[in-house]
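**Q** Here is my input, please return the structure:
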Amino acid sequence: MSKLSLIHQYKSLVEDGKLNNDPYQKTTIAKLSELSEELSLKKENSFLSRLSNFARREKIEKRKGVYIWGGVGRGKSMLMDLFFANVNIHNKKRTHFHNFMAETHDLIHDIRKNDKINNVPDHAAKLISQKAKLLCFDEMELRDIADAMVLNRLFKGLWKRGVTIVATSNRPPEKLYEKGLHRERVLPFIDDLNKNCEILEIKGSEDFRLSARKGMKGWFNPLSNKNSKILKEDFFKLTGEMSPKTDHIPSSGRQIFIPSAASGVAFVDFSDLCEQKLAARDYIEVASRYRGLLINKIPILNDYNRNESRRFMWLVDALYEAKCFMICTAEKPIDDIYTGSDWRFEFERTKSRLRELTTTPR
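**A** Below you'll find the model as predicted:
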């Protein structure tokens, strides 16, 4: 993968009208292109590569990661997805940060069963590094001191073993775990992030998905193959045609399965979220994960599917509070989608919120 190819792909998306020509995104994609080239060079074992420019190799060894931060909707996830899809390295992993932390805690729990292992986080780093030399985290944040303490020693072990870390976040490193309990214990980890990673800010105020949504309808009815096809086309427009992947959201000891997600937008069927035994807090986790949700095949809601109706109300509330957007296909218009009596009063608020959530920018 050459340096120009990643930049060329970004330019092609701009020329095709799928992305705006954003100067901060261009700077970030250029830096990611450099990293992509460095990783390709790093894995080479030929005689010529060993004789390559020493200063360049010194730069490769010094840069152990990239930390991309900026406001919601600035295209951080999209740029990282573009980088991940094109970087010429096989042992790589891209995951949501909370998923990684859940997996890491499970791994550490298993390691602690062996009394002979003293430095558990470092051993976890060893095992992780055997499977991946590039780790890409989306939406990095620190929610508690336990995660911060684990990460401090884990990242040291990963960097020591040559693992490159690329992360996105809504906050700069200095703002991680801000005002958290015992925050002074987190400062060494923040110092390490600043020392080992190139910190890139994507400035600006406009959510790139807002531009993509202009002219899109937010609610399609009735249910039909035609409307489902339009919804899928809108999904690809909103994600810059990044390759979607399945997602698993940890919540209250369970995994919420999302069949298709990319660039902070998810595509689901109604049954994926509302016919599963999920609670209100689970939908809060879903809403905190994405900027927008495209929901296909919403049926008529009534007293016969009262549980599904209730879950849909919880989902709408969570998306509304998180200031997400929705695009949906449904059997009926918003005013007629609920025909039951059990939630008749409560659903009036749901309808009001649905109108707001599905309103497209002008």
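**Q** For this protein, just list every one of the strands.
**A** Per DSSP state E, the chain carries strands over the ranges 65-70, 92-96, 134-138, 164-169, 197-202, 219-220, 245-251, 254-262, 265-269, 292-298, 325-330.
**Q** Mean neighbour count, mean pLDDT and distance to Gly180 added to those, as a markdown table?
**A** Placement of C-beta: from N, CA and C, glycine included. A markdown table is the format used below for those (neighbours: other Cβ atoms under 10 Å; pLDDT from 0 to 100; distance: least, Cβ to Cβ, whole Å):
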| stretch | mean neighbour count | mean pLDDT | distance to Gly180 |
| --- | --- | --- | --- |
| strand 65-70 | 22 | 94 | 18 |
| strand 92-96 | 18 | 91 | 21 |
| strand 134-138 | 23 | 94 | 19 |
| strand 164-169 | 23 | 96 | 15 |
| strand 197-202 | 18 | 94 | 20 |
| strand 219-220 | 21 | 98 | 40 |
| strand 245-251 | 17 | 90 | 20 |
| strand 254-262 | 17 | 93 | 26 |
| strand 265-269 | 23 | 96 | 29 |
| strand 292-298 | 23 | 97 | 29 |
| strand 325-330 | 23 | 97 | 30 |
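**Q** Rebuild those as TSV, extending it with distance to Arg306.
**A** Formatted as TSV, those follow (distance: least, Cβ to Cβ, whole Å):
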stretch	distance to Arg306
strand 65-70	42
strand 92-96	32
strand 134-138	35
strand 164-169	39
strand 197-202	44
strand 219-220	22
strand 245-251	23
strand 254-262	21
strand 265-269	19
strand 292-298	15
strand 325-330	18
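**Q** what's the closest of the ones you listed to Phe312?
**A** strand 292-298 (7.4 Å; Cβ to Cβ).
**Q** And that closest one, what does it pack against?
**A** helix 225-238, strand 265-269, helix 270-274, strand 325-330 (3 or more Cβ pairs under 8 Å, 6 or more residues apart in numbering; DSSP states H and E).
**Q** show me the contacts for the most centrally placed residue in the chain.
**A** Most central in the chain under Cα atoms, centre = their mean is Asp138, positioned 4.3 Å from the mean C-alpha point. By Cβ atoms under 8 Å, 6 or more residues apart in numbering, the contact list for Asp138 reads Lys76, Ser77, Met80, Arg94, Thr95, His96, Phe97, Ala167, Thr168.
**Q** Asn196: what's its closest spatial neighbour, skipping adjacent residues?
**A** Lys64 (4.2 Å; Cβ to Cβ, 6 or more residues apart in numbering).
**Q** Against Lys297, how distant is that neighbour?
**A** Here Lys64 is placed at a distance of 45 Å from Lys297 (Cβ to Cβ, to the nearest Å).
**Q** Surely Gly264 and Arg291 touch.
**A** Yes: contact criterion Cβ atoms under 8 Å: Gly264 and Arg291 qualify, at 4.3 Å.
**Q** And these two? Which one has more around it.
**A** Higher neighbour count among Gly264 and Arg291: Gly264, with 25 against 21, using other Cβ atoms under 10 Å.
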